[in-house]
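Student: My questions are about this predicted structure, shown below with the sequence.
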Amino acid sequence: MSDDNVAAPEGAAANEPTTLGDRAKRIVNPKPAGNLQQVGVILLSSLAAVVLALAIASFILWVSGYDAAALFTNMWDNLHNSTKMLEMLDRATPVMIAAVAVAIGFKMNLFNIGIEGQFLIGMFFAAWVGTQFEMFGPLHVAVILVVAMAAAAAWAGIAAVLKTERNVNEVISTIMLNSLALNVISFLFQEYAKFKDDSGSLDVKTRPIPESGWIPDIVDGKLSGVFYISLLVVLGYWLLVFKSRFGYRLRASGANAGAARTGGIASKRMIIIAMLISGAVAGLVGMAYLLGDAHAYYGTSRPEGFGFAGISVALLGRNHPLGIVISALLFGFLDTLTGPLQIDKIPVSIIFVIKAVILLSVVIINELVEVKMARRTADRTAAQLEAAGVAA
């Protein structure tokens, strides 16, 4: 008799698993109540990190002789200001996309720190290709988006190949590729006139993208239409990673590559696919700037920091779609405080302190929570397996 044909113990409830295979599935996929409890723990741990960061920031302001209460006053005022709320959504847009790109790598147990270089490469080539023609608006925008995703994915693919073929750690390769991306763009600007605008601008840039390639604002001058794209990216991430067979294989490979290979999943191929998808999503990070604001790639006044902000948001959101959205909105909200704090003569650097403490706190707290939950899961699993063995 095989293990999967073991009869249920006498007195077992009708909805209880009747085979060892069913029992194993129940152990791996706990009941909804357990999932809800886990979500609650995650939310509380992230909230604790935010509260701790605000407390430390207040203490730093107080010790430095500044009015710590002004920080919370400005936060409260911004919450009741519709213009600031639109600014929050606008600032959260690129960070949300960057966080999804990072989270895809995390799910494959890959630390893609190269989002910064990937989105700059994608934005540069998208800006150049976008100037080469003019066509029906939505089609023109679609071509630009595809080029941005393809260029960024190709750049991320370099790190993937280095890891699978030469076992180069992706952290090292993606960090180096960030710097290399800037050098490559600078080289193309200097050596090939076709990439830059010859209008005599003081800042080296590509030629302006025709208006047919622009994405209109949702609220003129306040909220980019790319905000809708960012929500679609989050939705796509949820469907791909959490609701598809490919997503299951991705998460299985990330959780235990050896076991995944035993189950017939090609881990090297999954690494390459995950990095390509992560890079493709990263290519959309700069689209709010390119298609909604500047309409060209500028050599010096380009956007920066979104890649590293995405890492923080992905960590704070625990790589969950809803957590990423909430965390991106939090970071966007913090960025809206820079103007009011300057008016109150409070150093804007306190915002960076808050973000840094949130990141450190959430890593530490999440690690402690993971250890505790792992112990509880191991104890519960051992008890259920022991009961299953007795029944068998």
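Tutor: That came through fine.

Student: Helix, strand, or coil at the residue nearest to the spatial centre of the chain?
Tutor: Centroid check for the chain by CA atoms, centre = their mean gives A99 as the closest residue, at 1.3 Å. Classification of A99 using DSSP: H, G, I helix; E, B strand; the rest coil returns helix.

Student: That one reaches I326, doesn't it?
Tutor: No. If you go by CB atoms under 8 Å, A99 and I326 don't touch, sitting 10.7 Å apart. Glycine gets a C-beta too; all of them are placed from N, C-alpha and C.

Student: just to revisit the earlier point, and the residue nearest to the centre of the chain, what does it touch?
Tutor: Each residue near A99 by CB atoms under 8 Å, 6 or more residues apart in numbering is listed here: A309, G310, I311, V313, A314, G317, I324, S327, A328.

Student: now the residues you listed in JSON lines, with distance to I271?
Tutor: Formatted as JSON lines, the contacts of A99 follow (distance: CB to CB, whole Å):
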{"residue": "A309", "distance to I271": "25"}
{"residue": "G310", "distance to I271": "20"}
{"residue": "I311", "distance to I271": "19"}
{"residue": "V313", "distance to I271": "23"}
{"residue": "A314", "distance to I271": "18"}
{"residue": "G317", "distance to I271": "23"}
{"residue": "I324", "distance to I271": "22"}
{"residue": "S327", "distance to I271": "26"}
{"residue": "A328", "distance to I271": "26"}
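
Student: picking up where we left off before, residues bridging contact with A99 and I326, i.e. touching both?
Tutor: G317.

Student: coming back round to it: please flag which of the contacts of A99 sit within helices.
Tutor: Members of the contacts of A99 lying in helices (criterion: DSSP state H): A309, G310, I311, V313, A314, I324, S327, A328.

Student: Give me the distance between the fourth one and N319.
Tutor: Distance, V313 to N319, by CB to CB, to the nearest Å: 10 Å.

Student: which one of these two has more residues nearby?
Tutor: Using other CB atoms under 10 Å, the more surrounded residue of V313 and N319 is V313, with 31 against 19.

Student: That one and I324: what is the separation?
Tutor: V313 is 6 Å from I324, by CB to CB.

Student: same deal with W76?
Tutor: Applying CB to CB, the value for W76 to I324 is 25 Å.

Student: again, but for T206
Tutor: 31 Å.

Student: ok, back up a step: which residues do V313 and I324 both contact?
Tutor: With CB under 8 Å, 6+ apart as the test, V313 and I324 both reach M96, A99.

Student: Now the nearest residue to G157 once chain neighbours are set aside: which helix or strand?
Tutor: Distances taken as CB to CB, 6 or more residues apart in numbering put L276 closest to G157, at 5.5 Å, once the chain neighbours are dropped. For L276, the host element (DSSP states H and E) is helix 267-282.

Student: Flag every buried residue along that helix.
Tutor: 267, 270-282 (16 or more other CB atoms under 10 Å).

Student: What's the first helix or strand after it?
Tutor: Next along from helix 267-282, by DSSP H and E: helix 287-289.

Student: in the stretch 201-350 of the chain, which spans are helices?
Tutor: Here the stretch 201-350 of the chain has its helices, by DSSP state H, counting those that start in this stretch, at 226-237, 245-255, 257-262, 267-282, 287-289, 306-316, 321-335, 338-343, 349-391.

Student: closest to S179 out of those?
Tutor: With CB to CB as the measure, helix 306-316 is the member of the helices of the stretch 201-350 of the chain nearest S179 (12.5 Å).

Student: That closest one - contacts with which helices or strands?
Tutor: Counting contacts by 3 or more CB pairs under 8 Å, 6 or more residues apart in numbering; DSSP states H and E, helix 306-316 packs against helix 82-107, helix 115-130, helix 321-335, helix 349-391.
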